[in-house]
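Student: Sequence plus predicted model, see below.
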Amino acid sequence: MDSWFWRRAVSLLDALRGRPSVNRVASAKLPTEHGLFDIHVYESPGTGETHVALVCGDIGNGDDVLTRVHSSCVTGDIFHSSRCDCGAQLHMALGRIAEEGRGVLLYLYQEGRGIGLANKIRAYALQDQGFDTVEANERLGFAADSRDYRVGVQVLRDLGVHSTRLLSNNPRKLSGVAGDGLSVSERLPIEIPASASTLRYLRTKKEKLGHLLSTP
């Protein structure tokens, strides 16, 4: 069985059995080029998946916390791929949170809009043949967007967050990052100007996934 399907199946079974889907397992100080953060690592017991929360300042009463929920993108975040805007969004979000002095960047392990790294690279190969990012995922047998934010909600609640000012261009994420006592009080855009290599990608996100972008 494909590892992606296995992880999703285990996560669903844990949810049905009422087991916690994420636990905090490590914390430390993390100085970055943007400023000082507290880093907290969370693990999903059933799957072994690891998620990270970077917290700036004091969460306080947990209301209206500036928050970025960022899905992992090895190619963009680490290797600075210009096929997407992920890496640029990640660092813009860290900068804005540090500037505000209070906020959370939640880094969720769900590569390729939830299909995993290997399938994401397979999708890239299909994009090289002319398919857009949505068509490539669907041709591999996946939904256009398979991400699940329920673990993220649990992490934010564990950090003491009750409501967020969410840095996102994706209106669908607002409903995903809510529930279990967590709400979204405001959506804040986090748009990276299109380049020659990201223009089609951003157009597809705007036209097929409903992202709120100024991309022509």
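Tutor: In hand now; what should we look at?

Student: isn't residue 173 right up against residue 69?
Tutor: Yes: Residue 173 lies in contact with residue 69 (CB atoms under 8 Å); the separation is 6.6 Å. Where you see a C-beta, it was placed from the backbone N, CA and C, and this is true even at glycine.

Student: Looking at the two now, which is surrounded by more residues?
Tutor: Using other CB atoms under 10 Å as the criterion, residue 173 and residue 69 rank with residue 69 on top: 25 against 21.

Student: residues contacting the more buried one?
Tutor: 106, 108, 149, 152, 166, 168, 173, 177 (CB atoms under 8 Å, 6 or more residues apart in numbering).

Student: Same question for residue 152.
Tutor: Residue 152 touches 51, 69, 106, 108, 176, 177, counting by CB under 8 Å, 6+ apart.

Student: Contact partners for the third one?
Tutor: Just to be clear, that refers to residue 106. Residue 106 neighbours (CB under 8 Å, 6+ apart): 51, 52, 53, 54, 67, 68, 69, 70, 152, 155, 156.

Student: Recalculate using a threshold of 10 Å.
Tutor: 40, 42, 51-55, 67-71, 93, 149, 151-153, 155-156, 159, 161, 164, 177 (CB atoms under 10 Å, 6 or more residues apart in numbering).

Student: could the contacts of residue 152 be laid out in JSON lines, adding pLDDT, distance to residue 206 and secondary structure?
Tutor: Shown next, in JSON lines, are the contacts of residue 152 (pLDDT from 0 to 100; distance: CB to CB, whole Å; DSSP: H, G, I helix; E, B strand; the rest coil):
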{"residue": "51", "pLDDT": "96", "distance to residue 206": "28", "secondary structure": "strand"}
{"residue": "69", "pLDDT": "97", "distance to residue 206": "19", "secondary structure": "strand"}
{"residue": "106", "pLDDT": "98", "distance to residue 206": "24", "secondary structure": "strand"}
{"residue": "108", "pLDDT": "96", "distance to residue 206": "22", "secondary structure": "strand"}
{"residue": "176", "pLDDT": "91", "distance to residue 206": "18", "secondary structure": "helix"}
{"residue": "177", "pLDDT": "92", "distance to residue 206": "20", "secondary structure": "coil"}
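
Student: so where's this structure uncertain?
Tutor: Flagging of the chain using pLDDT under 70 yields the residue ranges 1-20.

Student: Let me see the ranges of the strands in this structure.
Tutor: With DSSP state E as the criterion, the chain has strands at 23-32, 35-43, 50-56, 65-71, 103-108, 163-167, 183-188.

Student: and the angle for the last one with strand 65-71?
Tutor: Looking back up the chat, that one is strand 183-188. 80 degrees (axes from the mean of the first three to the mean of the last three CA atoms, to 10 degrees).

Student: Before I go, just wanted to say thanks for your time.
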